[in-house]
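Undergrad: The following comprises the amino acid sequence and a computationally predicted model.
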Amino acid sequence: MEVVEMKLTFVEDQLKKWGEVIVRLASGETLEIHLGDTTFDHENNLIHYRSSDALYYIDGASVESIKLHYSHVETE
């Protein structure tokens, strides 16, 4: 089975659109990253994310999926 990398530009575009996304990494770890705390290094394929207690350098190739969630579900 072939593993297809999620493109770093796609993750960046979705983060800009939504303001926050949840990324699932190949290790199984999930991180909620926010637009104001995250930068993208396309040359080195890295995501730099600063949380309240740590600085993360995430290999862009390790992102398996992203989750886009609604803060408030609208009911009709």
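TA: Nice, I can see it. Numbers count the residues shown, from 1 in each chain.
Undergrad: And the next helix or strand past the helix or strand containing Phe10?
TA: For Phe10, the host element (DSSP states H and E) is helix 8-18. Note on helix 8-18: by DSSP H and E, the next helix or strand toward the C-terminus is strand 20-25.
Undergrad: what pairs with that following strand, and is each one parallel or antiparallel?
TA: When pairing is defined by DSSP bridges, strand 20-25 lines up against strand 30-34 (antiparallel), strand 63-67 (antiparallel).
Undergrad: Which one of those lies nearest to Thr9?
TA: strand 63-67 (11.7 Å; CB to CB). The way it works is simple: take the backbone N, C-alpha and C, and place the C-beta from them, glycine included.
Undergrad: what residues does the closest one touch?
TA: 5-6, 8, 11, 14, 21-26, 30, 47 (CB atoms under 8 Å, 6 or more residues apart in numbering).
Undergrad: Which positions within stretch 30-43 qualify as buried?
TA: Leu31, Ile33, Thr38, Phe40 (16 or more other CB atoms under 10 Å).
Undergrad: which one among those gets closest to Leu55?
TA: Nearest to Leu55 among those, counting by CB to CB, is Thr38 at 11.0 Å.
Undergrad: who does the residue nearest to the closest one when sequence neighbours are not counted bridge with?
TA: The shortest distance from Thr38 to any non-neighbouring residue, by CB to CB, 6 or more residues apart in numbering, is to Tyr49 (4.8 Å). In this entry, Tyr49 is beta-bridged to Thr38, Tyr56, by DSSP bridges.
Undergrad: quick one: which of the strands paired with strand 20-25 is nearest Asp53?
TA: Counting by CB to CB, Asp53 lies closest to strand 30-34 out of the strands paired with strand 20-25; the figure is 12.5 Å.
Undergrad: sorry, back to before: count of neighbours near the residue nearest to Thr38?
TA: Using other CB atoms under 10 Å, the number of residues around Tyr49 comes to 19.
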